[in-house]
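**Student:** Here's my sequence, what's the structure:
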Amino acid sequence: MLPSESGALQFFLIQPLGIVIEDAALSLYGTVYDTTGARAPTVRERCLGAVWVCVWMAWTAPSYMYPVLAKTNSGEAGVVPFSVIKYVTGQVTA
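**Tutor:** Modelled structure (predicted):
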């Protein structure tokens with residue numbers, strides 16, 4: 001697969017936008033809630049951060065994964081040429 005067909009370039013070039021959005025949100029949050037100084041994030045803040053990462057990856061990952069999966073024989077073959085699960089369960093066909 002050519003690099004231009006994989007979606008990797010688009011995926012990795014959009015990641016800095018996510019960092020900028022996150023930094024802007026943190027700056028706004030710090031201004032609104034006056035969180036000056038170094039302190040550990042609260043559980044709520046950590047949960048919100050985890051939700052942000054999941055949402056961002058759900059939005060950006062398809063641009064990386066769909067072109068790769070589309071090239072894998074309509075889903076019968078995986079992204080990698082072997083399956084450990086099929087080997088362990090004895091479903092390997094040579």
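
**Student:** tally of neighbours for Gly7?
**Tutor:** Counted with other Cβ atoms under 10 Å, the neighbours of Gly7 add up to 20. (Each C-beta comes from the backbone N, C-alpha and C, glycine too.)

**Student:** so it touches Leu69, yeah?
**Tutor:** No - using Cβ atoms under 8 Å, Gly7 makes no contact with Leu69, being 10.1 Å away.

**Student:** Point out where the chain drops to low pLDDT.
**Tutor:** 1-3, 37, 72-82, 92-94 (pLDDT under 70).

**Student:** For it, which segments count as helices?
**Tutor:** Applying DSSP state H to the chain gives helices spanning 3-6, 8-33, 43-70, 84-89.

**Student:** Just the buried residues of the second one, please?
**Tutor:** Of the residues in helix 8-33, Phe11, Gly18 count as buried by neighbour count, 16 or more other Cβ atoms under 10 Å.

**Student:** Kindly report the same for the shortest one.
**Tutor:** Taking 16+ other Cβ under 10 Å as the neighbour-count basis, helix 3-6 is seen to contain the buried residues Ser6.

**Student:** helices or strands up against that helix?
**Tutor:** Other elements packing on helix 3-6 under the criterion 3 or more Cβ pairs under 8 Å, 6 or more residues apart in numbering; DSSP states H and E are helix 43-70.

**Student:** Sort out which residues of the helix it packs on are buried, please.
**Tutor:** Trp56, Thr60, Tyr64, Pro67.

**Student:** Just list what it packs against, helices and strands only.
**Tutor:** helix 3-6, helix 8-33.

**Student:** Take those helices and write them to a markdown table, including distance to Gly49.
**Tutor:** Compiled in a markdown table, those are given as follows (distance: least, Cβ to Cβ, whole Å):
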| stretch | distance to Gly49 |
| --- | --- |
| helix 3-6 | 29 |
| helix 8-33 | 8 |
